[in-house]
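K.L.:
Sequence first, predicted coordinates after that:
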Amino acid sequence: MKINGTPYRSVWVDPEDGWSVRLFDQTRLPWSVDILRLTNWEEAAHAIRSMQVRGAPLIGAVAAYGVALAMRADPASLDQVLPTLNATRPTAINLRWALDRQRAKLHNLPVEARAAAAYAEAAAIADDDAETCRRIGENGLPLLAEIAERKGKVNVLTHCNAGWLATVDWGTALAPIYMAHDAGHDVHVWVDETRPRNQGAALTAFELGAHGVKHTVVADNAGGHLMQHGEVDICIVGTDRVTRQGDVANKIGTYLKALAARDNGIPFWVALPHSTLDWRVRDGIAEIPIEERDGVEVTDLTGRTADGRIETVRVVAEGSPAANPAFDVTPARLVTGLITERGRCEASEAGLRSLYPDVAEQ
Ligand SMILES: CSC[C@H]1O[C@H](OP(=O)(O)O)[C@H](O)[C@@H]1O
């Protein structure tokens, strides 16, 4: 996608040296477009853990490049690096998926062949993700086009950031929105700010603004009211893990939006690539590990002052503790359907098997 007219992916190998890894520091967006240069796998692990890079497919791709950096430095370190990278964040299954691909590619290779193979596999993962997300856009587009053609415009509500900054390119939930906009449909997006990290207010709004898509940032708690008053035609969100029965782990607050959508008869769609499917898990609420992040992300808020300084302030009474579960699980019964690179299906094992017969048997 483009920033100031220049096309970018969200992660890439530096063309100057052919081995260091470049990516946007998403903790600095939207106030500053800072491009980081990773030179070792520990920096990749830190980038994921600190959420300099975030988004399920993107953290998988960055972890894959982290393995490549590790193999360049010490090709005998594979068994040490894989579990450490996998432990950087527990909920998004894409991390395990990408690291499993690197393990399968590398573990039987002679150590002298591992670096080149790891870079090639990381590039393949990145290319796969970009193309997969483009197809998700194509498969989600008809949902928006039908409403826009019937009503003259379409109002979409989305939660968190599932745009190109959460993937290698295009995004998942935002891909159909970009395609509908580019096709000339009158699209407007309600952007949940998405406390406490404000991925919506900071990242989704930044992306949509850069692409010229009409949008309005709203408090997380406004969504139900908008739905009650006919302001939302459809909800589309991303996900960090979908179970074999169609339960959906996503950013905290997603479940509440799904409840409000169901209560108001509004379609609630979830967009995902194959790398976000976890066939080993059936009951998402019981089995998906939910990341508990530091409470300081709730008590403190970072923003830009009137004179342009980036400052962090405390917004919670001194001495009050804060809890910070980073994800929740929306049961399949509240999901209208899944938008994937292979088409759309109901959020159920039968629906997923219809699109992924190969994955189901693994
Ligand atoms: C396209 S998946 C994006 C998914 O990941 C986000 O979580 P985080 O920002 O903490 O990495 C959020 O759950 C998004 O829906």
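P.N.:
Received it, and whenever you're ready, just let me know what you need.
K.L.:
contacting residues for the closest residue to residue 219 other than its chain neighbours?
P.N.:
Leaving aside its chain neighbours, residue 219 sits nearest to residue 193 (6.0 Å; criterion: C-beta to C-beta, 6 or more residues apart in numbering). All C-beta atoms are positioned from the backbone trio N, CA, C, and that covers glycine. Residues counted as contacts of residue 193 (C-beta atoms under 8 Å, 6 or more residues apart in numbering) are 200-201, 217-220.
K.L.:
And residue 310, how close does it get to the ligand?
P.N.:
To the ligand, residue 310 is 19 Å away according to C-beta to the nearest ligand atom, to the nearest Å.
K.L.:
wait, that residue sits on residue 202?
P.N.:
No: Residue 310 is beyond contact range of residue 202, at 11.5 Å (criterion: C-beta atoms under 8 Å).
K.L.:
between those two, who's got more neighbours?
P.N.:
A side-by-side neighbour count of residue 310 and residue 202, using other C-beta atoms under 10 Å, places residue 202 first with 23 against 12.
K.L.:
With residue 55 as the reference, measure out to the closest residue to residue 326 other than its chain neighbours.
P.N.:
Spatial nearest neighbour of residue 326, excluding adjacent residues (C-beta to C-beta, 6+ apart): residue 291 at 4.3 Å. For residue 291, the distance to residue 55 equals 14 Å [C-beta to C-beta, to the nearest Å].
K.L.:
So for those two, which residue has more residues nearby?
P.N.:
residue 55 (29 against 15).
K.L.:
phi, psi of the more buried one?
P.N.:
With angles defined as degrees, to the nearest 10, residue 55 sits at phi 100, psi 130.
K.L.:
still on that earlier bit, how about the contacts made by the residue nearest to residue 326?
P.N.:
By C-beta under 8 Å, 6+ apart, the neighbours of residue 291 are 89-91, 325-327.
K.L.:
Please name the nearest non-neighbouring residue to residue 315.
P.N.:
Leaving aside its chain neighbours, residue 315 sits nearest to residue 301 (5.0 Å; criterion: C-beta to C-beta, 6+ apart).
K.L.:
which stretch of helix or strand covers residue 329?
P.N.:
According to DSSP states H and E, residue 329 maps onto strand 327-330.
K.L.:
Could you double-check that residue 272 lies in contact with residue 238?
P.N.:
Yes: checked against C-beta under 8 Å, the pair residue 272 and residue 238 is within contact range at 7.1 Å.
K.L.:
that older thread, neighbour-wise, which of the contacts of residue 193 leads?
P.N.:
Neighbour counts for those peak at residue 200, which has 28 neighbours (criterion: other C-beta under 10 Å).
K.L.:
near the ligand, which residues of the stretch 1-150 of the chain?
P.N.:
54-57 (C-beta under 6 Å from any ligand atom).
K.L.:
Return a PyMOL selection command for the buried portion of those.
P.N.:
The PyMOL command for the buried members of those (criterion: 16 or more other C-beta atoms under 10 Å) is given here:
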select buried, resi 54+55+56+57
